[in-house]
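*Asks:* My questions are about this predicted structure, shown below with the sequence.
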Amino acid sequence: MNPKILFTCKIADSDVRARLAAVCDLVEIEITKPAELAERVGDCEGIIVPYTPEPLITREVMDAAPRLRLVGTTYGGVRQNVDDTYALSKGLTVIHTGASRVEPMAEYTLALILSSLMQTHNYHHYMRSGEAWPRTKFPRTRMLRGRSVGVIGYGRIGQGIIERLRSFTADLSVQSNHLTEAEAQAAGLKKRALDDLFRECEVIVLAGGYNPSTHHLIRRRHFDLMRENALFVNIARGKMVNEAEMTDAVRERPIYLALDVFEVEPLPANSPLRENDRVLITPHRANNPIEFEQRWQTLAGEIETFIRGETPDSALSPERAAVMSES
């Protein structure tokens with residue numbers, strides 16, 4: 001008898017629906033409230049939820065499903081919608097589609113770096129804003145090739161960013177609490193302490209996860225360590241950076257920023273970051289490419305793996321859960 005897997009949303013990929021229907025008793029029903037979900041999960045062995053503003057797979061929901069073995073989300077994280085710590089304590093397998101975010105976010109990061117170094121966004125802005133030919137408005141721009149780049153965080157996304165950077169430079173550094181010196185060397189990377197990475201690298205990319213230990217990980221003193229004309233890129237989480245101190249630093253020092261995330265989102269209309277030509281800002285869209293929708297195929301593969309009795313690639317461990325961002 002196939003296991004019953006409940007989706008609290010419609011599966012957007014018909015091929016995925018067919019794949020899953022072949023291996024499980026598939027149920028799709030739109031539910032947004034934990035109390036309503038708790039009433040429907042009695043004989044379910046799996047629950048998969050989309051991103052919602054509030055937690056959906058709560059302790060109460062899991063306790064209402066005595067046969068439950070699998071919980072997960074249709075997007076790249078779980079913390080926002082699943083009490084993952086409690087799920088792990090009950091021996092449940094917790095999955096997500098994080099692997100599908102790597103390529104879109106890595107390419108977006110590369111686009112932010114290249115635009116910042118080449119100033120293409122600023123040339124476009126001023127030509128659209130009324131300056132007929134702002135050809136000499138900015139000083140000489142810079143190429144990425146051969147420059148020293150440091151990445152903070154060596155999870156899936158950090159690794160994806162580094163792999164794309166290899167086409168431009170071999171001078172790659174990483175700051176990671178989970179990567180040994182030997183592993184970094186084997187990967188062709190320099191392992192650096194956070195301060196040294198800011199001091200030595202011309203481009204610094206924040207790609208780690210947000211949790212209580214990384215709140216305001218990056219502060220004014222790090223921006224003061226940066227070389228003149230160095231670039232800081234954040235595609236991780238805004239709360240990992242003290243935004244007020246960063247804003248002061250870019251106003252007072254000749255450094256550059258490329259930011260897709262902010263401490264408060266949407267970014268306030270009166271934010272000084274909107275007025276500085278050395279700051280490229282985008283509205284939290286690094287995972288927006290249409291290719292992110294391959295997440296459905298990723299999810300199908302993870303569920304099929306679980307049903308075969310194997311461990312899904314995204315299955316959380318307590319250690320991994322402790323360092324994951326909310327979403």
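*Replies:* That came in fine, so what should we check first? Quick caveat, the model's predicted, so the values are computed rather than measured.
*Asks:* give me every residue that touches residue 86.
*Replies:* Residue 86 makes contact with 59, 62 under the criterion C-beta atoms under 8 Å, 6 or more residues apart in numbering. (C-beta placed from N, C-alpha, C; glycine too.)
*Asks:* For my notes, confirm it occurs in a helix.
*Replies:* Yes: counting by DSSP: H, G, I helix; E, B strand; the rest coil, residue 86 falls inside a helix.
*Asks:* could you measure residue 87 against residue 73, distance?
*Replies:* 11 Å (C-beta to C-beta, to the nearest Å).
*Asks:* Mind checking which of the two has more residues around it?
*Replies:* Using other C-beta atoms under 10 Å as the criterion, residue 87 and residue 73 rank with residue 73 on top: 29 against 23.
*Asks:* thinking that one is in contact with residue 51, fair?
*Replies:* Yes: Residue 73 is within contact range of residue 51, at 7.0 Å (criterion: C-beta atoms under 8 Å).
*Asks:* what do these two both touch?
*Replies:* Going by C-beta under 8 Å, 6+ apart, residues that sit against residue 73 and also against residue 51 are residue 81.
*Asks:* Tell me the predicted confidence for the spatially closest residue to residue 115 that is not a sequence neighbour.
*Replies:* Leaving out its chain neighbours, the residue that sits closest to residue 115 by C-beta to C-beta, 6 or more residues apart in numbering is residue 121, at 4.8 Å. If you check residue 121, the pLDDT there is 98.
*Asks:* Give me the secondary structure label for residue 121.
*Replies:* helix.
*Asks:* Show me which helix runs longest in this structure.
*Replies:* helix 102-118 (DSSP state H).
*Asks:* Can you give me every residue that contacts the closest residue in space to residue 282 that isn't next to it in sequence?
*Replies:* Leaving out its chain neighbours, the residue that sits closest to residue 282 by C-beta to C-beta, 6+ apart is residue 260, at 4.9 Å. Applying C-beta under 8 Å, 6+ apart to residue 260 gives the contacts 108, 112, 234, 235, 281, 282, 283, 284, 285, 286.
*Asks:* neighbours around the fifth one, how many?
*Replies:* Right, residue 281. Residues near residue 281, counting by other C-beta under 10 Å: 17.
*Asks:* what's the answer for the first one, then?
*Replies:* Residues contacting residue 108 under the criterion other C-beta under 10 Å number 19.
*Asks:* now swap in residue 186 and tell me
*Replies:* 9.
*Asks:* same question, residue 311
*Replies:* So residue 311, with other C-beta under 10 Å, has 12 neighbours.
*Asks:* With residue 67 instead?
*Replies:* Neighbours of residue 67 (other C-beta under 10 Å): 12.
*Asks:* what's the closest non-adjacent residue to residue 51?
*Replies:* residue 75 is the one closest to residue 51 (C-beta to C-beta, 6+ apart), at 4.8 Å.
*Asks:* quick check, that neighbour in a strand?
*Replies:* No: under three-state DSSP, residue 75 sits outside any strand and is assigned coil.
*Asks:* From residue 139, how far out is it?
*Replies:* 41 Å.
*Asks:* what residues are up against residue 9?
*Replies:* So residue 9 contacts 28, 30, 49, 50, 74 (C-beta under 8 Å, 6+ apart).
*Asks:* try 10 Å
*Replies:* Residue 9 sits next to 28, 29, 30, 31, 32, 48, 49, 50, 51, 52, 74 when contact means C-beta atoms under 10 Å, 6 or more residues apart in numbering.
*Asks:* Would you list the buried entries among these?
*Replies:* Among the contacts of residue 9, those buried by neighbour count (16 or more other C-beta atoms under 10 Å) are 31, 48, 49, 50, 74.
*Asks:* per-residue pLDDT, the first one?
*Replies:* Put plainly, it is residue 31. Residue 31 is given a pLDDT of 95.
*Asks:* and if you look at the last one?
*Replies:* Confidence at residue 74, expressed as pLDDT, is 96.
*Asks:* That one touches residue 49, doesn't it?
*Replies:* Yes: between residue 74 and residue 49 there is a contact under C-beta atoms under 10 Å: 7.1 Å.
*Asks:* overlap in contacts of those two?
*Replies:* 7, 8, 9, 81.
*Asks:* Which members of those residues are classed as buried?
*Replies:* Here, 16+ other C-beta under 10 Å leaves 7, 8, 9, 81 buried among the shared contacts of residue 74 and residue 49.
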